[in-house]
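Student: Structural data only, the sequence is not supplied:
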């Protein structure tokens, strides 16, 4: 038993406990509560194998050339690791669809209940990545230019120039690289904290219509994953001849556009065309800002050379929050037909 596997199992268990003992019990109608608990039981049985399978399959497809050399048998060697979050999310959505069909209740009734506990599970999983040294960023010594004692030697990665970083070279700020013994930013812990905040926001917010909670949760997961993937400096899936395009960010952008489209298609009554166009412009501008910050981090935009990395990442995080806000704005102006 690996410590990470134990923590991952505990994360799933905590999410299921919150789902059954807290959220499902809030349903006031006894018959509806009984039907939902039955459907959630079916969901819990289906979600784990489907999430693992689709997460593994998505990882294999994203690294198809690498996977092809190892053969089909590698797909079932789960002890070797290798999962993609978007595949896991697809598995959870399929589990919601199947459990809704089996128990003959609306898909949104299950998905809305699952949304917040799934974010909690994801948050705990991010924290667990610290145990296997996954999800680390730049070395702290380079970030703060510890060894630079003159302006000419300053690496310009941060606006702060620290000579003593011993306080930061520990949990929760950094993790120690096992090969070189160097302290690296623990980005997984930062994203775990952000996802935990998103869990509380989602759980305590009232939505006007069934299904809105699911859409916002999806946009939160995708946007935070885009930021997380940009900050990571460990083994990430890259595409392109030169290997500079991060696959998870590209897939996330496409999925976020689909979430936006889904949100607008299901609007009843539909919003004005001008409002819909503005929402799309807002979303695309935020996406463009994320792309711009990616190039700024690579020092490939001349007029943005004055921006150091900490400012670039701050702008990127705000842009990712703007993408979620763009999706939420699409849901405004509807007539409430149910309170969650």
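Tutor: Perfect, thanks for sending it. Just so we're clear, the structure is a prediction, and the values are computed from it rather than from any experiment.
Student: Which residues are in contact with residue 278?
Tutor: By C-beta atoms under 8 Å, 6 or more residues apart in numbering, the contact list for residue 278 is empty. For the C-beta atoms, the positions are set from N, CA and C on the backbone; glycine is no exception.
Student: pretty sure it is in a strand, no?
Tutor: No - Residue 278: not assigned to a strand; according to DSSP: H, G, I helix; E, B strand; the rest coil it is helix.
Student: what's the pLDDT at it?
Tutor: With respect to pLDDT, residue 278 has a value of 89.
Student: same question, residue 210
Tutor: 87.
Student: what does residue 149 give?
Tutor: At residue 149, the model reports a pLDDT of 58.
Student: what's the helix or strand where residue 193 lies packed up against?
Tutor: Taking DSSP states H and E as the criterion, residue 193 maps to helix 187-204. Packing contacts for helix 187-204, counted by 3 or more C-beta pairs under 8 Å, 6 or more residues apart in numbering; DSSP states H and E, involve helix 107-128, strand 136-139, helix 212-231.
Student: Give me the three-state assignment for residue 184.
Tutor: strand.
Student: so what's it bridging to?
Tutor: Under DSSP bridges, the beta-bridge partners of residue 184 are residue 139, residue 175.
Student: From the structure, what's the count of residues near it?
Tutor: Around residue 184 there are 24 other residues, counting by other C-beta atoms under 10 Å.
Student: for the one 3 residues further on, same thing?
Tutor: For residue 187, the tally of surrounding residues (other C-beta under 10 Å) stands at 27.
Student: oh, and call the first residue 10 from now on, that's how I've got it
Tutor: Happy to do that; since the first residue is 10 now, the last one works out to residue 196.
Student: so what's it up against?
Tutor: Here residue 196 is in contact with 144-146, 237, 240-241 (C-beta under 8 Å, 6+ apart).
Student: Buried residues in the helix holding residue 202, which are they?
Tutor: Residues of helix 196-213 classed as buried: 196-201, 203-205, 207-208, 211-212 (neighbour count, 16 or more other C-beta atoms under 10 Å).
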